[in-house]
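**Q** Okay, predicted coordinates and the sequence, questions at the end:
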Amino acid sequence: MNFNTFDEFCSDVAHNISGPTTIAMAHADNTMGNFITALGNGSGYRAIGLINFSYSTWRCAAVMAKAGSFAQTPSMLRLCLEAVWYALLVKEDARWLDTWNRMGESNTAKDKIRNGALRAGRAVMCQHNPVLNEAMIKLYDELIAIGGHPNLDAIELMTILDFKEGEEVGRVFFTQLGDEAQRHLAEMNVLRTAQKIVKSFSVIWPDRYLLLGYEKICSRMDQSILTYIHINETRQHRRYEPPR
C-alpha cells in the first residue's frame, strides 16, 4: 500500500469533485430539495426533521461517491433509508413519537428505539406500500453487503490482487478512492436511494405529494436516471491497473 499524505489524499478528492455533476444527480437533488422545502409550514416537525436528515445525509453520500469514497458511501445511504422508516413511524404512531421525544432523558426510550424502531417502521411502511418497503429492504441489504457494515465483501471491494489464483506470492493493493468504474457504481446506488426517498414522500405526506404534482415530477426524475443508465451502458469505465 503506497502511503499518501492527507494533503495528497485531499488533492485527489478535489480532482474528482471538480468534475461535472451528472444531470440525473442534479435532478434527484432538486426533486428532494424542493419537496422538503415545501414542508416548511407542515405539521409533524419530527418527521420533517428526519426526512431532512435523510436528504442531507444523501447529499453527503453523493459527494463521497463523486469524490471516490465508494466503500464508505453505502454506510451513509443506509442511514438515509433508516431515517425514512423512522419518519413514517413517528408521524403515524403517537406512542413511538412519544418514545422518540423521550430519548434524551430516558435510557429505556433509547433502548426501545435502538431495538425496535427500525422493525416497527418497516412494518408501518409495509402496511401503506409493501412494494416500496420490499424495494427499500432489498437495497438496504445490498448496501450492508458492499460497505454499509465492515464485512468480508466490503473489504475485498477495496482490495486488488495482482497475482493469479493459486499463487502464493504477489502484490496486493488496498484502495481508498475508487477508480472510474467504482465511482460509477457508487453513484448508481446514490441515485437508487434517491428514488426510494422520493417515493416515500407519497406515503408519509400523500396530500402534499398530490398537491405539488409530484407523481409527474417523480416520473421525470426516474426517466432522467434511466437515461443516465442507458448512456453509461455504452461506456467502458476504466478499471485501476496496478503499476508494472
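**A** On my side now, so go ahead.

**Q** switch to C-alpha atoms for all contacts and neighbour counts from now on
**A** Fine.

**Q** what residues are up against Val172?
**A** 1, 159-162 (Cα atoms under 8 Å, 6 or more residues apart in numbering).

**Q** Buried residues in stretch 186-203, which are they?
**A** Under the neighbour-count criterion of 16 or more other Cα atoms under 10 Å, stretch 186-203 has 186-202 buried.

**Q** quick one: the strands in this protein?
**A** Under the criterion DSSP state E, the chain carries strands at the ranges 159-162, 171-174.

**Q** Have a look at the chain and report its longest helix.
**A** Secondary structure of the chain per DSSP state H: the longest helix is helix 180-204.

**Q** Now tell me what touches that helix from outside.
**A** With Cα under 8 Å, 6+ apart as the test, helix 180-204 has contacts from 24-25, 28-29, 31-32, 54, 58, 61-62, 65-70, 73-74, 77, 80-81, 84, 87-88, 91, 125, 128-129, 132, 135-136, 139, 209-210, 218, 222, 225, 237-239.

**Q** if we can go back for a sec, identify the residue with the minimum pLDDT among the contacts of Val172.
**A** Among the contacts of Val172, Met1 carries the weakest pLDDT, at 45.

**Q** Deepest in the core, which of the strands of the chain is it.
**A** The highest mean neighbour count among those, using mean count of other Cα atoms under 10 Å, belongs to strand 159-162: a mean of 14.

**Q** In the sheet, which strands lie alongside that one, parallel or antiparallel?
**A** Looking at strand 159-162 with DSSP bridges, its partner strands are strand 171-174 (antiparallel).

**Q** who touches Thr108 in this structure?
**A** Thr108 touches nothing, counting by Cα under 8 Å, 6+ apart.

**Q** mind checking how far it is from Leu185?
**A** 40 Å (Cα to Cα, to the nearest Å).

**Q** same question, Gly116
**A** On the measure of Cα to Cα, Gly116 and Leu185 end up 32 Å apart.

**Q** just to revisit the earlier point, just the buried subset of the contacts of helix 180-204, please.
**A** Buried by 16+ other Cα under 10 Å: 24-25, 28-29, 31-32, 54, 58, 61-62, 65-70, 73-74, 77, 80-81, 84, 87-88, 91, 125, 132, 136, 139, 209, 218, 222, 225, out of those.

**Q** ok so, going back, could I get the strands of the chain as CSV with distance to Thr37?
**A** Listed next are these as CSV, based on distance: least, Cα to Cα, whole Å:
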stretch, distance to Thr37
strand 159-162, 41
strand 171-174, 41
